[in-house]
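Enquirer: Sequence and computational prediction follow.
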Amino acid sequence: MEALPKLRVLVLKSNKFDGNMSLASRSNLPFPKLQVLDISENEFVGSLPQKYFKNFRAMMDVKENQTDGDYDYFSNYVEMRITLKGLDQLLKRLLEDFTIIDLSSNKFSGTIPRFIGNLNSLRYLNLSHNNLMGHIPASLGNISVLESLDLSSNKLDGGIPSELISLTFLAKLNLSMNDLVGRIPQANQFSTFENDSYVGNLRLCGFPLTRKCNEENGQQMQPEEDDEYGFIDGFGWRSVVMGYGCGIIVGIGIGCCIIRFGRPRWLGEFFFGVGYTYKKKKKKKKKTRKRATPTQRIT
């Protein structure tokens with residue numbers, strides 16, 4: 001399929017395809033016109049296919065590569081169901097500037113190649129639910145028209161590159177469930193994203209998260225004691241519930257001891273009045289005498 005000169009849409013999602021896509025290619029220029037690559041929810045392994053990222057000409061400058069006369073005819077007879085910004089959508093027409101790469105829910109490993117930043121006409125990129133490691137490449141900031149970026153559920157580390165703030169068309173961002181660290185950028189589109197874009201990165205800090213950053217190095221800072229959110233983050237609801245539970249159990253135990261044995265005396269007198277222990281002993285003696293009286297009469 002790499003050498004098909006007019007192939008623009010390749011959707012193989014939700015199958016059981018496996019294998020390594022990074023093996024040597026027989027074509028010098030694979031997929032010369034491809035605008036849509038969706039192989040999500042399969043079992044592909046190995047590293048991401050760098051040979052494709054380097055040669056996707058239609059995703060580097062999509063308008064310049066629409067040169068053949070068959071495009072208008074072809075674009076009106078395309079029907080495909082793909083995931084855009086987290087929602088399944090049915091598209092019945094291929095717009096000339098529509099480009100997407102969806103490699104999510106596979107078993108890809110290794111790092112995200114920096115060459116992906118050369119795809120300056122790419123609008124949707126989804127690499128989520130794989131085993132990708134390493135840093136988020138700063139070159140992603142070169143994809144100025146990018147509208148959706150999903151790198152969630154991988155093993156990415158390091159900080160969020162400040163270059164990403166130049167993505168002024170970015171409407172959907174998901175970096176959750178990784179091991180990212182440091183301060184979240186605060187400019188342009190990044191000021192509009194909420195907590196769910198970053199959940200599961202325990203060492204990220206700054207807005208919109210409640211964890212504050214150290215002003216000197218941008219790393220996570222321990223919450224202040226008088227900070228309401230800091231108390232919650234520092235101790236957690238489990239600790240609070242355990243504390244209340246232990247207190248109730250101890251309180252019930254002390255109450256039973258006071259009622260039954262009258263000890264400790266000072267606490268019993270505090271709750272039931274002065275002479276509580278003495279009165280209780282007196283009642284016990286009266287009961288003993290009443291029980292002993294019939295025996296004495298028989299004797």
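Expert: Everything's here; your move.
Enquirer: For the rest of this, base every contact and every neighbour count on C-alpha atoms.
Expert: Noted.
Enquirer: Point to the helix or strand of this protein where mean pLDDT is at its lowest.
Expert: helix 276-298 (a mean of 54; mean pLDDT, DSSP states H and E).
Enquirer: what about the helices in the stretch 101-250 of the chain?
Expert: Along the stretch 101-250 of the chain, counting by DSSP state H, counting those that start in this stretch, helices occupy 228-261.
Enquirer: In it, where is pLDDT below threshold?
Expert: For the stretch 101-250 of the chain, the stretches with pLDDT under 70 are 215-241.
Enquirer: That one: strands as residue ranges?
Expert: Secondary structure of the stretch 101-250 of the chain (DSSP state E, counting those that start in this stretch): strands at 107-110, 124-126, 131-134, 148-150, 155-158, 172-174, 179-183, 203-205.
Enquirer: Of the ones you listed, which is nearest R57?
Expert: For the strands of the stretch 101-250 of the chain, proximity to R57 was assessed by Cα to Cα; strand 124-126 is nearest, at 16.0 Å.
Enquirer: just checking, what packs against that closest one?
Expert: Judged by 3 or more Cα pairs under 8 Å, 6 or more residues apart in numbering; DSSP states H and E, the packing partners of strand 124-126 are strand 100-102, strand 148-150.
Enquirer: List the buried residues of it.
Expert: Buried positions in strand 124-126, judged by neighbour count with 16 or more other Cα atoms under 10 Å: 124-126.
Enquirer: is it possible to export the residues you listed to JSON lines including distance to L140?
Expert: Listed next are the buried residues of strand 124-126 as JSON lines, based on distance: Cα to Cα, whole Å:
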{"residue": "Y124", "distance to L140": "12"}
{"residue": "L125", "distance to L140": "10"}
{"residue": "N126", "distance to L140": "13"}
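Enquirer: out of those, who's nearest F98?
Expert: Of all the buried residues of strand 124-126, Y124 has the smallest distance to F98: 8.7 Å, by Cα to Cα.
Enquirer: Now do L84, the pLDDT please.
Expert: We have a pLDDT of 78 for L84.
Enquirer: Can you verify my assumption that it contacts Y124?
Expert: Yes - between L84 and Y124 there is a contact at 7.3 Å, judged by Cα atoms under 8 Å.
Enquirer: and for those two, which residues touch both?
Expert: Overlap of the contact sets of L84 and Y124 (by Cα atoms under 8 Å, 6 or more residues apart in numbering) consists of S148.
Enquirer: ok, back up a step: quick one: closest of the helices and strands packed on strand 124-126 to I249.
Expert: Nearest to I249, of those and by Cα to Cα, is strand 148-150 at 48.2 Å.
Enquirer: Please list the outside residues in contact with stretch 156-167.
Expert: 132-146, 178-190.
Enquirer: what about it, start to end distance?
Expert: End-to-end distance of stretch 156-167 (Cα to Cα, to the nearest Å): 20 Å.
Enquirer: Would you mark the buried spots in that stretch?
Expert: In stretch 156-167, counting by 16+ other Cα under 10 Å, buried: 156-161, 164-167.
Enquirer: can you check stretch 172-188 too?
Expert: Here stretch 172-188 shows 172-185 as buried, counting by 16+ other Cα under 10 Å.
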